[in-house]
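Colleague: Provide a 3D model corresponding to the input given below.
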Amino acid sequence: MATLSTKDEYLPSKIFFYSSLIWIFVGMLYGLILALKFMWPDFLAWGPLQIYFQYGRIRPVHTNVILFGWLTMANIGAIFYVIPKLCRNQLAFPRLATIVGIGWNILIVLAIITLSLGYTTTAEYAELPLWLDVYVVLLVLAVANICFTTIARRNEKQLYVSLWYFMGSLIWLPGLYVIGNLPYKLLSGVPQYLIFWFYGHNIIGLWFTTVGVGLIYYLLPYLTKNPLYSHKLSLIGFWTIATFYVWNGPHHLQNGPIPLWLMKAGVIPSVLLIIPVWAVLANIFGTMKGKWHVVSHNTNLKFLVTGGIFYLITCLQGPFQSLQGPSSVVKFTDWVPGHAHLPVFGGFSFVVFAVMYYTIPKITYREIYSKKMMESHYWLSTIGLLLFAFSTWTAGVFEGFAWIEGGQYGLQFTEMLIAMQPFFWIRSLGGLFMFVAQFIFIWNLYQTHRKGERIPKTNESTA
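Modeller: Next up is the predicted model:
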């Protein structure tokens, strides 16, 4: 079969990268529909399809497609490219890697079908039925096997720090997924949701964060032409993430039906996460020394540095929200989706945008089709996210204080939804900007594949 040919060493990365472009379009489209439903609850509620476009069905489709279709597939495509470069060898089991790429697309299609039909566990980020969970674990184990075998066969003795982050991610992800997706069959009530939030928080921190930071450490020295500021500092960041991140789940149930000691136990590691965040940011800013002027005309570097800044904001908000006082105001409000979009879109999607703009020319041997479209992609994505975030944060604070008053003198839930309409409009406008930005991104890469100026092939294996 032509699709399983191993002649193209970059075929696995191409499958994951190109597939992720389809899924970011689908996921962002569902997200835009969600935003519009805050103004028009009956939007798309017509004919036989209306049941499939209920808010409770399209919301998990949106989150799962973005997390596991877009960002996870893009991450895997990136590490399939980066690991062989850092190891100075070929990707192990290329046929298996290609099959896994095809299998992952089948997974996302099945996830959309099952969630649209209403088959869900109702646990955030863990909505898929058990039989699909088993399928996910098998795919993840296959990816881990490919990557660890490639590293074991390396021709480069030193393990660059990015490999530490990738290996940690691939060790943690299967365990996290199993723990987060099996207990709903075995437990109920509060213990069940403590385990769910162990998974829900750590799927961000021990998969998307660690892969994203590893990609930053790989790409930043290439874009700045500076060596990484501190290898030791990067390892401090790795081990503090591994130590502190895993204990953060209880802060999602702050002021909820869990023991007080457990609430406080969730606050301490949340605050300590400032240590790895500052380690990462210090390394980024140290590596950027003397090269800040490059940001003005290097769109890749803009994406990478901006992603780092959004990551910083995310991890400053997180400890703040984990405290009982702030949590009592912003919990269950629109503040939460505003915060959740920062790491997934603003932080590590921005990093992947930079990685793909850097990598696609190297695996297709074609220059990026349009630098102006890259700039448009950056500014529309950034402005759209800021509109989305500030509108949801502001709405969340208003909602929280109004509901605290409650009772006879406070606004009721439905009244607050009506009062928040101006913020919902701004949220939708931000979502529209983000959607248009990704359309430009996809079109630019499509045109790169078709019409980009050809780059001569070289034997270089470390770029």
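Colleague: Not counting its neighbours along the chain, what's nearest Ala123?
Modeller: Spatially, and ignoring its direct neighbours in sequence, Ala123 is nearest to Phe196 (4.6 Å; Cβ to Cβ, 6 or more residues apart in numbering). Where C-beta positions appear, they are placed from N, C-alpha and C, glycine not excepted.
Colleague: meant to ask about Met288, not that
Modeller: Using Cβ to Cβ, 6+ apart, the nearest residue to Met288 is Thr224, at 6.0 Å.
Colleague: For that neighbour, the count of nearby residues, please.
Modeller: 23 (other Cβ atoms under 10 Å).
Colleague: And it, how far from Phe93?
Modeller: Distance from Thr224 to Phe93, counting by Cβ to Cβ, to the nearest Å: 34 Å.
Colleague: Tell me which stretches of the stretch 51-200 of the chain form helices.
Modeller: 55-64, 72-87, 94-116, 130-152, 161-181, 183-186, 189-203 (DSSP state H, counting those that start in this stretch).
Colleague: Just want the angle from the last one to helix 161-181.
Modeller: If I follow you right, that is helix 189-203. Angle of helix 189-203 versus helix 161-181, following axes from the mean of the first three to the mean of the last three Cα atoms, to 10 degrees, is 160 degrees.
Colleague: Could you report the pLDDT at Leu186?
Modeller: According to the prediction, Leu186 has pLDDT 76.
Colleague: List the contacts of the residue nearest to Met288.
Modeller: 287-288, 291, 294, 301 (Cβ atoms under 8 Å, 6 or more residues apart in numbering).
Colleague: what's the answer for Ile360, then?
Modeller: Contacts of Ile360 by Cβ under 8 Å, 6+ apart are 17, 366, 368, 445, 448.
Colleague: ok now whichever helix or strand it is part of, how far from the chain's centre?
Modeller: Assigned by DSSP states H and E, Ile360 belongs to helix 348-364. Taking Cα atoms, centre = their mean, to the nearest Å, one finds helix 348-364 lying 15 Å from the centre of the chain it belongs to.
Colleague: Tell me the confidence at the residue nearest to Met288?
Modeller: Thr224 is given a pLDDT of 95.
Colleague: Next, work out how far apart it and Ser328 are.
Modeller: Relative to Ser328, and taking Cβ to Cβ, Thr224 is found at 43 Å.
Colleague: List the buried residues for stretch 433-449?
Modeller: By neighbour count with 16 or more other Cβ atoms under 10 Å, stretch 433-449 contains the buried residues 433-438, 440-442, 444-445, 448.
Colleague: What of stretch 183-195?
Modeller: 183-184, 193-195.
Colleague: How about stretch 325-344?
Modeller: Judged by neighbour count (16+ other Cβ under 10 Å), stretch 325-344 contains these buried residues: 326-327, 329-331, 333-339, 341-344.
Colleague: Just name the shakiest helix or strand of the protein by mean pLDDT.
Modeller: Taking mean pLDDT, DSSP states H and E as the measure, the chain has helix 183-186 as its least confident helix or strand, at a mean of 71.
Colleague: surely Leu253 meets Gln192?
Modeller: No. Shown here, Leu253 and Gln192 do not form a contact pair, counting by Cβ atoms under 8 Å, at 11.3 Å.
Colleague: Low-confidence ranges, the stretch 201-350 of the chain, go.
Modeller: Judged against pLDDT under 70, the stretch 201-350 of the chain has no low-scoring part.
Colleague: For it, which segments count as helices?
Modeller: 209-224, 231-244, 260-272, 274-287, 299-322, 324-330, 335-341, 348-364.
Colleague: Among those helices, which comes closest to Phe424?
Modeller: Taking Cβ to Cβ, helix 335-341 is the member of the helices of the stretch 201-350 of the chain nearest to Phe424, at 11.6 Å.
Colleague: Go ahead and name everything in contact with the closest one.
Modeller: Against helix 335-341 from outside (Cβ under 8 Å, 6+ apart): 314, 317-318, 321, 330, 385, 388-393, 395-397, 399-400.
Colleague: what do you get if the cut-off is 6 Å, keeping everything else the same?
Modeller: Helix 335-341 has contacts (Cβ atoms under 6 Å, 6 or more residues apart in numbering) with 317, 389, 392-393, 396.
Colleague: just to revisit the earlier point, where's the residue nearest to Met288 relative to Lys291, distance?
Modeller: Separation of Thr224 from Lys291 (Cβ to Cβ): 4 Å.
Colleague: hmm, back to that, a markdown table for the contacts of Ile360, including pLDDT?
Modeller: As requested, the contacts of Ile360 are exported to a markdown table (pLDDT from 0 to 100):
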| residue | pLDDT |
| --- | --- |
| Phe17 | 98 |
| Arg366 | 95 |
| Ile368 | 96 |
| Leu445 | 97 |
| Thr448 | 96 |
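Colleague: Nearest to Val65 among the residues you listed?
Modeller: Out of those, the member with the shortest distance to Val65 (by Cβ to Cβ) is Phe17, at 16.1 Å.
Colleague: Quick one: low-confidence residue ranges for the stretch 1-150 of the chain.
Modeller: 1-6.
Colleague: 90 instead, please
Modeller: Applying pLDDT under 90 to the stretch 1-150 of the chain picks out residues 1-8, 38-56, 121-126.
Colleague: To Phe244, which of the helices of the stretch 51-200 of the chain lies closest?
Modeller: Phe244 sits nearest to helix 189-203 of all those, at 11.1 Å, using Cβ to Cβ.
Colleague: Contacts for that closest one next, please.
Modeller: 123-126, 176, 180, 183, 248-249, 252, 257-258.
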